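**Q** Sequence first, predicted coordinates after that:
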Amino acid sequence: MNRRTAWIPTILLAVGAILFLAPLAWMVSTALKPESQIFEKNPHWIPQPPTLRNFSDLAQKSSEAPIGRWLLNSGIVSTSVVVLTLLISSMTAYPLARLRFRGRDTLFYIIIAAMIVPGQVTIIPVFLLIQKLGWFDTYPALIIPGLASPFGVFLLRQFMQTIPRELEEAAAIDGCGPWRTWAQVIIPLTTPALATLGVLTFLGAWNDFLWPLIATNSIEMRTIPVGLQMFQGRYTTEYGLMMATAVLATVPVVVVFLVLQRYVVRGIVLTGLKG
Amino acid sequence: MAPSSRIHARQAGWLTAAPFLLPYLCLFTLFLVWPLAYGFYISLHDWQLLASSKPYVGMANYAGVWQDDLFLIALRNTAYFVALAVPTGNLMSLLIALGLNARVRGETLFRLLYYLPTILSVAVVAVLWKWMYSAEFGLINHYLAAAHGALERAHLVTGPFKQVPWITDPRLAMPSLAIASVWWGAGGGMLIYLAGLRAIPESYYEAAELDGAGTWVRFRAITWPLLRPTTLFNFVIGLIGGFQMFGQGFMITQGGPHNSTLTVVQYMYRSGFSLFKMGYGCAVAYSLFLVILVVALLQFRLLAFREEIS
C-alpha cells in the first residue's frame, strides 16, 4: 500500500466507529437532557446545559422503581457468581488437566458436550426445581443455577494443560499435597485465564435477562436489566428517565470492561466463545 | 513425560480427584443434566403449573406444537430473524476485522470501541433502540427527514417526508430488530475474525504480491478460503444465538405488530410463564433444540461439502 492510500482503512474505521457509538452517545445525551429538549424538533447532541434532573427524579420514584436496590441486587448476584465460578471452575479444571484417574477424559467430554445445550431448553425444569427447593425469588435462585455452566471448566482446563510439569514435580518433592499444589502452584500460574473467565462471567451475570425475569417476582428482588424492563412497561414515553436508568445499568459493565478489556480479547481468541 | 512424573500422576487416582470435582459435578448434575432429562419428562405430560394431576399424554404436546399456527409463525419469524441478522452480522464483523488488520493507527482503541455495544444487556439495547426507532422523536427518522429536506431542496424528491414506522409496521419490525441485533453482536464476531486473520501467514500475501495480485485477488484467493473455518464457526455460533432471540422482541415490540416479531423463546415464555402450561412450554423448548441441532448440522455438512469440491 502506498502512502496516499494507507490512511483509507483508518478513515473508514473512524467513520464506522462514530456510527457505531452514536446510539450510545445518544443514550447518554438523552439521559442528561430535560424533557423539553428530549422532544425538540431539531435535537441537540450536547444538552444545553446538561442536567442531572432525570437521575434525581429517579431517586424520587424509589418506591415503585427502586433502582438503587436493583443495582445492589445485580452487584451482589454478579460478584457472587464470579467468585464462586472462579473457585469451582478452577477446582474442577485442575484434576481434569493435571491429575490421572480413570475416565478423566470421558468426564471432560461429557461436560463439554453439555455446552451445546441452549440455556432456554432447561429453563422450565430449572424453574420448577428452584420452586421445589424454596429458592424462588431469592438470591440463591439468581446465583446457583448459573454455576453449572461448563464454560469456565473448559477454559481453565485448556489453559492449565499448558503449564509445564516440572513445577508440580518440584512442589511434590517439597512435600506439597494436591490441595497445596492447586492453591500455590496452579492457581498463581492460571491468573490470566482466571481474569478472562472473571470478566466474561461478570458481564454475563450482570446482563442476564430471561432467567432473573423468571426466577424472581417481587419488585425488591429484580436485577437491573429486569428492572429496566419493568420501568419501560410503566413509563413508556419517559425517555429521559429510561435512558438515565439504562446509563446506570451500563456504567458498571463499561468500567469492568475498560479495566480488564485485554483479558476479554484474549479469552475470546483462546476459546472462540463468549461466556 | 518423565517416568517419575508418570508414577506420581498414576498415584493420584479418583480419591485425590474426587474432592476437587465434587462441588461442580453436583451442580452440573442438578442444574444441567437432570433438568435436561426432567424437561423431556415434563413435555410428555399435560403439566399445568397449579393443577394437582399432571396426566401423561405421550407425544401429544409435540403433535400440538407442530400443528399450532402460532408456534409455526414464531418459528418462521425466528428463522427470518436468523436469515437477516446472521449473514449481515458476519459481514459486518468481517469488514471491521479486515479494517483492523490493515495496520491502522489506534487499532486497540478501534477494537475496543467496536466491541463496546456487545457488553450491554439486551434490556439496555432494547430501550435504547426503541428510542432510536421512535417514529416522531427518534434519531433515525430525524436524520432521514433532514436528508429528505436536502434532497427536496436539490429537487431530487418531492412531497413531504413520511415518518418510517420502524417498529410499528409488521413488515419492517423484524428487520429493525435485526439491525439493532447486528449492532449489538458484531463485536464478538469481529474478535474471532481478527484471530482468524492473524493466523494467516504473511508469506502467502508476499508471494501473491510478487505474482502481481491486487487487493481483491488476494482476498478472494487467500483470505476468504483460509477464513472458511472461522466463518463456519461464526455462523454456527450466530445461528445458535439467533434462534434463542428473546429480549429484543419481548421488550421492543412485545412480539407485535400482528405477531410479526413473536419468536420461539417468547412463545415458550408465554406458554410456560403466562399460561402456566409447563408441558407445552417444554415441548416448544425441545422442538427448538431439535431445530437448532438440525440447522447447525446442515451448516456443517454444507460447508464441509464445499470444502471437498474446492
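**A** Alright, I've got the coordinates. Numbers count the residues shown, from 1 in each chain, chains lettered A, B, ... in the order given.

**Q** Can you list the low-confidence ranges for the chain?
**A** Using chain A here. A:1-4, A:268-275 (pLDDT under 70).

**Q** try again with chain B
**A** B:1-12, B:304-310.

**Q** Not counting sequence-adjacent ones, nearest residue to residue A:210?
**A** Nearest non-adjacent residue to residue A:210, counting by CB to CB, 6 or more residues apart in numbering or on different chains: residue B:246, 5.6 Å away. In short, each C-beta sits where N, CA and C put it, glycine included.

**Q** host element of residue 24?
**A** I went with chain A, as the question did not name one. Using DSSP states H and E, residue A:24 falls within helix A:8-31.

**Q** Wait, chain B was what I had in mind.
**A** Applying DSSP H and E, one finds residue B:24 within helix B:14-28.

**Q** Tell me the helix or strand right after that helix.
**A** helix B:34-43.

**Q** residues making contact with that next one?
**A** A:117, A:121-122, A:124-126, A:128-129, B:61-62, B:278-279, B:282-283, B:285-286 (CB atoms under 8 Å, 6 or more residues apart in numbering or on different chains).

**Q** Now do the helix holding residue B:24: distance to the chain's middle.
**A** With CA atoms, centre = their mean, to the nearest Å as the basis, helix B:14-28 stands 33 Å off its chain's centre.

**Q** C-alpha coordinates for that helix, CSV please?
**A** Provided in CSV are the C-alpha atoms of helix B:14-28 (Å, rounded to 0.1, in the frame of the first residue of the first chain):
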residue,chain,number,x,y,z
TRP,B,14,-10.1,-41.0,41.9
LEU,B,15,-9.6,-40.5,45.7
THR,B,16,-7.4,-37.4,45.1
ALA,B,17,-9.6,-36.1,42.2
ALA,B,18,-13.0,-36.6,43.8
PRO,B,19,-13.0,-33.8,46.4
PHE,B,20,-11.9,-31.3,43.7
LEU,B,21,-14.6,-32.5,41.3
LEU,B,22,-17.5,-33.0,43.7
PRO,B,23,-18.9,-29.4,44.0
TYR,B,24,-19.1,-28.9,40.3
LEU,B,25,-20.4,-32.4,39.5
CYS,B,26,-23.3,-31.8,42.0
LEU,B,27,-24.1,-28.5,40.3
PHE,B,28,-23.7,-30.0,36.8
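
**Q** Counting by contacts, list what that helix packs against.
**A** helix A:67-98, helix A:104-113 (3 or more CB pairs under 8 Å, 6 or more residues apart in numbering or on different chains; DSSP states H and E).

**Q** tell me the angle of the shortest one relative to helix A:67-98?
**A** Put plainly, it is helix A:104-113. 150 degrees (axes from the mean of the first three to the mean of the last three CA atoms, to 10 degrees).

**Q** the inter-axis angle of helix A:104-113 versus helix B:14-28?
**A** Using the same axes, to 10 degrees: helix A:104-113 against helix B:14-28 is 10 degrees.

**Q** hmm, helix A:104-113 in reach of chain B?
**A** Yes - legend: contact between helix A:104-113 and chain B by CB under 8 Å from any CB of the partner chain is shown at A:104, A:107, A:111.

**Q** Can you give me the buried ones in that helix?
**A** A:104, A:107-108, A:111 (16 or more other CB atoms under 10 Å in any protein chain shown).

**Q** The longest one now?
**A** Within helix A:67-98, the residues that count as buried by 16+ other CB under 10 Å are A:67, A:69-71, A:73-74, A:77-78, A:80-82, A:84-98.

**Q** Can you tell me the element the most centrally placed residue in chain A falls in?
**A** When CA atoms, centre = their mean is applied to chain A, the residue found nearest the centroid is residue A:203 (1.3 Å). Assigned by DSSP H and E, residue A:203 belongs to helix A:191-207.

**Q** if I read this right, the residue nearest to the centre of chain A contacts residue A:255, doesn't it?
**A** No - using CB atoms under 8 Å, residue A:203 is not in contact with residue A:255, being 11.6 Å away.

**Q** ok, back up a step: include distance to residue B:134 when you put the helices and strands packed on helix B:14-28 into CSV, please.
**A** Formatted as CSV, the helices and strands packed on helix B:14-28 follow (distance: least, CB to CB, whole Å):
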stretch, distance to residue B:134
helix A:67-98, 23
helix A:104-113, 44
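
**Q** Nearest to residue B:192, out of those helices?
**A** Closest of those to residue B:192 is helix A:104-113, at 18.6 Å (criterion: CB to CB).

**Q** what's next to that closest one, contact-wise?
**A** A:95-96, A:150, A:153-154, A:157, B:17, B:21, B:28.

**Q** coming back round to it: keeping just the C-alphas, turn the helix holding residue A:203 into PDB.
**A** Extracted in PDB, the C-alpha atoms of helix A:191-207 (Å, rounded to 0.1, in the frame of the first residue of the first chain):
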ATOM      1  CA  THR A 191      -4.200 -15.900  36.800                       C
ATOM      2  CA  PRO A 192      -4.500 -14.700  33.200                       C
ATOM      3  CA  ALA A 193      -7.200 -17.300  32.400                       C
ATOM      4  CA  LEU A 194      -8.900 -16.600  35.700                       C
ATOM      5  CA  ALA A 195      -9.000 -12.900  34.800                       C
ATOM      6  CA  THR A 196     -10.600 -13.700  31.400                       C
ATOM      7  CA  LEU A 197     -13.100 -16.000  33.000                       C
ATOM      8  CA  GLY A 198     -13.900 -13.400  35.700                       C
ATOM      9  CA  VAL A 199     -14.700 -10.600  33.300                       C
ATOM     10  CA  LEU A 200     -16.700 -12.800  30.900                       C
ATOM     11  CA  THR A 201     -18.700 -14.200  33.800                       C
ATOM     12  CA  PHE A 202     -19.300 -10.800  35.300                       C
ATOM     13  CA  LEU A 203     -20.600  -9.400  32.000                       C
ATOM     14  CA  GLY A 204     -22.800 -12.500  31.500                       C
ATOM     15  CA  ALA A 205     -24.200 -12.400  35.100                       C
ATOM     16  CA  TRP A 206     -24.800  -8.600  35.100                       C
ATOM     17  CA  ASN A 207     -26.600  -8.600  31.800                       C
END
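
**Q** That one packs against which elements?
**A** Judged by 3+ CB pairs under 8 Å, 6+ apart, the packing partners of helix A:191-207 are helix A:67-98, helix A:151-160, helix A:224-234, helix A:239-271.

**Q** wait, which of those is closest to residue B:80?
**A** It's helix A:224-234; of these, that one is closest to residue B:80 (CB to CB) at 23.9 Å.

**Q** picking up where we left off before, and the contacts of helix B:34-43, which two are the farthest apart?
**A** A:129 and B:62 (22.5 Å).

**Q** Helix, strand, or coil at residue B:257?
**A** coil (DSSP: H, G, I helix; E, B strand; the rest coil).

**Q** Just give the number of residues close to it.
**A** 16 (other CB atoms under 10 Å in any protein chain shown).

**Q** do the same with residue B:285
**A** Residue B:285: 28 neighbours (other CB under 10 Å).
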